[in-house]
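> Got a predicted structure here, sequence first:
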Amino acid sequence: GLIRLQELQQQVLKGRGKFAQDVSADDLLRAIRKLKVLGSGFGIIPVGGTVLVQSVPAELSMDHTVVLQLAEKKGFVTVSEIRDSLKWETERAKQVLDHLLKEGMAWLDAQAPAEPQFWLPALFSELHGQE
């Protein structure tokens, strides 16, 4: 569903072998923009300081993008965090999170201590790099 541009670049370089020509992040961005004419399967989503590549045919609104930005720091978000940070109604937050779950872009941790946490796997490697 979602992958960081840097991670995609590493995977592409790894798959091409050591004697292949280098592929830059800019090359990938241009290729993704060209694929966009074929439909909504691929897209680019800027999230704070990170660029995510969308590889599923799902429409993401500004609400979805704002929630991704909120989750960027910790890798997850809760309904109450969305409600408090963005001043949204609970139903609006739940609709956005349900859509991300349905599209496979978020995972639900229903056993989290205080309330369910919605994890964004595309942001996992970013968190791992900060440790």
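Yep, it's here.
> Please parse this structure into its domains.
Domain ranges of the chain: 1-57, 59-124, per the TED database.
> Am I right that Thr65 sits in a helix?
Yes - assessed by DSSP: H, G, I helix; E, B strand; the rest coil, Thr65 belongs to a helix.
> mind checking how far the closest residue to it other than its chain neighbours is from Met105?
Leaving aside its sequence neighbours, Thr65 sits nearest to Ile45 (C-beta to C-beta, 6 or more residues apart in numbering; 6.1 Å). To be clear about C-beta, it is placed using only N, CA and C from the backbone, and glycine gets the same treatment. Ile45 is 10 Å from Met105, where distance means C-beta to C-beta, to the nearest Å.
> Give me the common contacts of those two.
Leu2 (C-beta atoms under 8 Å, 6 or more residues apart in numbering).
> Settle it for me: which of these two has more neighbours?
Met105 (21 against 17; other C-beta atoms under 10 Å).
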